[in-house]
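Engineer: Here is a sequence with its predicted model. Questions after.
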Amino acid sequence: AQTVTQSQPEMSVQEAETVTLSCTYDTSENNYYLFWYKQPPSRQMILVIRQEAYKQQNATENRFSVNFQKAAKSFSLKISDSQLGDTAMYFCAFWGYGNKLVFGAGTILRVKS
Amino acid sequence: DTGVSQNPRHKITKRGQNVTFRCDPISEHNRLYWYRQTLGQGPEFLTYFQNEAQLEKSRLLSDRFSAERPKGSFSTLEIQRTEQGDSAMYLCASSARLAGSSYEQYFGPGTRLTVT
């Protein structure tokens, strides 16, 4: 079974600074997808960025980018120019042959002014 | 279409009572998922439907839990004889069964259940 591990329960960053959230996963599959989801306080979960395992190029969405290391089974999220609205719980998630998302425990990110 | 909706948003019930939650997916999506999220944890998969067929159930889904999607549109999740351990956020998500997009799930706001 796949597992997703987020080893940072909480992170803080100053507004306009850069922060990196870590995620590792375990799988024997070769084709899969990885995601970062954002869950703001009392609001619904939204997709931030996704990465296809067969693509070597790291995904980028505006201020959000990933560092995907397939051999190391590592998938970190970098947020540049952090904004107060980035304050949220961030979940790393895996999608493979099981046709369902497997989530990590999450990292609470607090952006401070 | 404004996205995935869930009702009620909050439910407080006494132990032993039955509760039912509803999820309305995005209209053109034929896959529907239920997840459970306890405080400070990531969501855990419960079950999913493709159209009206329930294709997989997690071992987390005990005999007290039942889910339906009678016409392949909305879905209900019922918990019978609720226990305090059932207190959690119940999330619904939907996705389209198209090549290369079935993994892209859109989440509803969730139903927060508190069992007293």
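Structural biologist: Received, thanks. Numbers count the residues shown, from 1 in each chain, chains lettered A, B, ... in the order given.
Engineer: show me the contacts for the closest residue to chain A within chain B.
Structural biologist: Here chain B gets closest to chain A at one residue, B:Gly42, 3.2 Å apart by Cβ to the nearest Cβ. Glycine gets a C-beta too; all of them are placed from N, C-alpha and C. Contacts for B:Gly42 were tallied using Cβ atoms under 8 Å, 6 or more residues apart in numbering or on different chains; they are A:4, A:91, A:93, A:103-106.
Engineer: how about a cut-off of 6 Å?
Structural biologist: Going by Cβ atoms under 6 Å, 6 or more residues apart in numbering or on different chains, B:Gly42 touches A:91, A:103-106.
Engineer: out of everything not next to it in sequence, what's closest to it?
Structural biologist: Spatial nearest neighbour of B:Gly42, chain neighbours left out: A:Phe103 (3.2 Å); criterion: Cβ to Cβ, 6 or more residues apart in numbering or on different chains.
Engineer: how about the residues of chain B that lie near chain A?
Structural biologist: Residues of chain B lying close to chain A by Cβ under 6 Å from any Cβ of the partner chain are B:41-43, B:45, B:103, B:107, B:109.
Engineer: if we go to 10 Å?
Structural biologist: Contact residues, chain B versus chain A (Cβ under 10 Å from any Cβ of the partner chain): B:3-4, B:6, B:9, B:31, B:33, B:35, B:37, B:40-48, B:50, B:55-56, B:58, B:89, B:91, B:93, B:95, B:100, B:102-110, B:112.
Engineer: re earlier: quick one: which of the contacts of B:Gly42 sit in strands?
Structural biologist: Judged by DSSP state E, strands contain the following of the contacts of B:Gly42: A:91, A:103.
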